[in-house]
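Undergrad: structure, please.
(one chain, ligands or ions: 1)
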Amino acid sequence: MAKMWAGRFKKEENKEVNDFNSSISFDSRMYKNDILGSIAHATMLGNQNIIEQKDSELIIKTLSEILEDIDNGNLEFSNDAEDIHMFIEGELTKRIGDIGKKLHTARSRNDQVALDIRLYLKEEVETIKSLICKLLNEIINLAEENKYTIMPGYTHLQRAQPITFANHLLAYAYMLKRDLNRFDDALNRMNYSPLGSCALAGTTYPIDRDFVAERLNFKGIVKNSLDGVSDRDFCCEIASAASILMMHLSRFSEEIILWSSWEFKFIELDDAYSTGSSIMPQKKNPDICELIRGKTGRVYGDLNTLLVMLKGLPLAYNKDMQEDKEAIFDALDTVKMCLSIFTPMLKTMKINKDNMRKAAAKGFINATDLADYLVKKGMPFRDAYKISGSIVAYSIDNDLVLEEIKLDKYKEYSQLFENDLYDAIDLEKATFRRTSKGASGIESVEAQINDLRS
Ligand code: ARG
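TA: This next block holds a predicted model:
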């Protein structure tokens, strides 16, 4: 097929070069954005009398028909086309001849692709935002149901202090809330139209960039024509927001993997959201979580692809930039897939509250409370810490928990111990006594839930 740029060339393009150059296999997904961008552009060309009004109308009508045909499966993309932009324009010209050739007046594929990808990403990010909201809602509901579920809190994966499952879950809710903000931020900075930057230098035609921007629901126009065609910051920002989101999902997944092991048994995944082994009949594997953890690396890779692709590029457009699409598309496809499966998995998982409580009983997670007890009776914290440590060592040697040691024994370590020490180290009381803002106490957890819901 003769290329649109055939005029300057004496030979036809080598077939392998065409295949190497072609991006239609992955940029065809932007067909709708490309057509809507072209319709706005053609409308503007007509309004400004850059092309005749009746030509503009015919172009718009035909573009709408092409859109409908693609939507209905009546028009297939041709792999001969170099990219989606060439394909649509070629199809337009096939249908209306010379008039179709007027569409590309005062435009270049450089600003066209910069426009299309922004339009495409605007929609994708909105979808991702709503998926994050769904997950957030699920986590908050789960927290609501587990305000009284006591579990051991960990540091270094060693039992540390008593917390509620609700407070643990809400930590993830706040991470996701920040993720939502990051996507919103990226969206806001990206929301300017590059169309009219043309190849790089703007144009001598009396175009109206603001009109096109408004038509396509942008907040305004990109103010510098070279920046308009060269900037892919927004891809990096969105891939970065996607990477951080995946990092959060991955940490959550890692915990679910641990919690569903026989060693923990804090939760049980629903059969529909786990898999069996081909050889070991007893197995129930948390594959979804493992895959999310695995795919996180892939999204990081996409971000890295973008950053490295851009770092050496002189202004303005370079073909390297065609590589932006597979990376950002893959990152967002992956994020969408992970969010879509993670939420129902969470919704259907069973919480073994008893096992959490049993785990909390072992591991001396009330040892800090024992030290705090002595501090409240007047002992300096460092001394109290040392005494409590010795009592823990004694308990380990004698296979006891702190609650089982008799007061007489406590008194051997400090005369400050009285009968009320048992109240201080009572797990329930110790958990809900943590009333500082952000802690597991009921008021704090409810405040967090209200904050997140609003
Ligand atoms: N397929 C190209 C891309 O994705 C479109 C822009 C091509 N521009 C050019 N001057 N070759 O970047």
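Undergrad: which non-adjacent residue is nearest whichever residue of the stretch 151-300 of the chain sits closest to the ligand?
TA: Closest to the ligand within the stretch 151-300 of the chain is Ala199: 7.3 Å, counting by Cβ to the nearest ligand atom. (Glycine included, C-beta is placed from N, CA and C.) For Ala199, ignoring the flanking residues on the chain, the nearest one in space by Cβ to Cβ, 6 or more residues apart in numbering is Ser108 at 3.9 Å.
Undergrad: please apply the same query to Ala81.
TA: Nearest to Ala81 is Phe87, by Cβ to Cβ, 6+ apart, at 3.7 Å.
Undergrad: tell me the pLDDT of the one you found.
TA: What the model reports for Phe87 is a pLDDT of 98.
Undergrad: for the stretch 301-450 of the chain, what are the low-confidence residue spans?
TA: Judged by pLDDT under 70, the stretch 301-450 of the chain has no weakly predicted residues.
Undergrad: list the buried residues of stretch 19-39.
TA: For stretch 19-39, a neighbour-count test (16 or more other Cβ atoms under 10 Å) marks 22-24, 27-28, 30-31, 33-39 as buried.
Undergrad: burial of Gln448, as a residue count?
TA: Here the count is done by other Cβ atoms under 10 Å, and Gln448 has 22 residues near it.
Undergrad: buried ones in the helix or strand where it lies?
TA: For Gln448, the element it lies in under DSSP states H and E is helix 442-453. Across helix 442-453, burial judged by 16+ other Cβ under 10 Å covers 444-445, 448-449, 452.
Undergrad: please apply the same query to stretch 204-213.
TA: Neighbour-count burial for stretch 204-213 [16+ other Cβ under 10 Å]: 207-209, 211-213.
Undergrad: swap in stretch 379-393?
TA: 379, 384-385, 387-388, 391-392.
Undergrad: counting neighbours, what do you get for Ala247?
TA: Let me fix one detail, which is that residue 247 is Met and not Ala. 16.
Undergrad: I misspoke; the intended subject was Arg95.
TA: 17.
Undergrad: OK, contacts around it?
TA: Arg95 sits next to 62, 65-66 when contact means Cβ atoms under 8 Å, 6 or more residues apart in numbering.
Undergrad: got a winner among these for most neighbours?
TA: Result: Ile66 is most packed of the contacts of Arg95 (other Cβ under 10 Å), 22 neighbours.
Undergrad: surely that residue is in a helix?
TA: Yes. Counting by DSSP: H, G, I helix; E, B strand; the rest coil, Ile66 is found in a helix.
Undergrad: do stretch 31-41 and the ligand meet?
TA: No. Counting by Cβ under 6 Å from any ligand atom, the ligand is not contacted by stretch 31-41; separation bottoms out at 10.3 Å.
Undergrad: for that stretch, C-alpha coordinates in CSV please.
TA: Output in CSV follows, covering the C-alpha atoms of stretch 31-41 (Å, rounded to 0.1, in the frame of the first residue of the first chain):
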residue,chain,number,x,y,z
TYR,A,31,-9.6,4.5,17.8
LYS,A,32,-12.5,6.2,19.5
ASN,A,33,-10.3,8.9,21.0
ASP,A,34,-8.7,9.4,17.7
ILE,A,35,-12.0,9.9,15.9
LEU,A,36,-13.5,12.2,18.6
GLY,A,37,-10.3,14.3,18.4
SER,A,38,-10.5,14.4,14.6
ILE,A,39,-14.2,15.5,14.8
ALA,A,40,-13.3,18.3,17.2
HIS,A,41,-10.4,19.3,14.8
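Undergrad: can you name the residue of the stretch 251-400 of the chain nearest to the ligand?
TA: Gln322 (3.7 Å).
Undergrad: list phi and psi for that residue.
TA: phi -60, psi -20 (degrees, to the nearest 10).
Undergrad: grab the nearest non-local neighbour of it.
TA: Ser23 (5.2 Å).
Undergrad: show me what contacts the one you found?
TA: 82-84, 322, 325.
Undergrad: and the helix or strand Arg178 falls within with helix 442-453, angle?
TA: Assigned by DSSP H and E, Arg178 belongs to helix 165-190. Orientation of helix 165-190 against helix 442-453 (axes from the mean of the first three to the mean of the last three Cα atoms, to 10 degrees) gives an angle of 30 degrees.
Undergrad: show me what helix 165-190 is packed against.
TA: Contact analysis of helix 165-190 by 3 or more Cβ pairs under 8 Å, 6 or more residues apart in numbering; DSSP states H and E lists helix 109-145, strand 150-155, helix 233-259, helix 442-453 as its packing neighbours.
Undergrad: how many residues are close by Asn49?
TA: Counted with other Cβ under 10 Å, Asn49 comes out at 10.
Undergrad: hang on, it in a strand?
TA: No. Under three-state DSSP, Asn49 sits outside any strand and is assigned coil.
Undergrad: report the separation between it and the ligand.
TA: 27 Å (Cβ to the nearest ligand atom, to the nearest Å).
Undergrad: ramachandran coordinates for the residue lying closest to Asn285 once chain neighbours are set aside?
TA: Nearest residue to Asn285, sequence neighbours excluded (Cβ to Cβ, 6+ apart): Thr275, at 5.0 Å. Torsion angles at Thr275 (phi, psi; degrees, to the nearest 10) stand at phi -130, psi 160.
Undergrad: could you check the pLDDT of Thr275?
TA: 82.
Undergrad: residues contacting it?
TA: 284-285, 287.
Undergrad: so which of these is the closest to Tyr373?
TA: For these, the closest approach to Tyr373 (Cβ to Cβ) belongs to Lys284, at 42.4 Å.
Undergrad: next, count neighbours for the closest one.
TA: 13.
Undergrad: so which bits of the stretch 251-400 of the chain are right by the ligand?
TA: Going by Cβ under 6 Å from any ligand atom, the residues of the stretch 251-400 of the chain near the ligand are 317, 319, 321-322.
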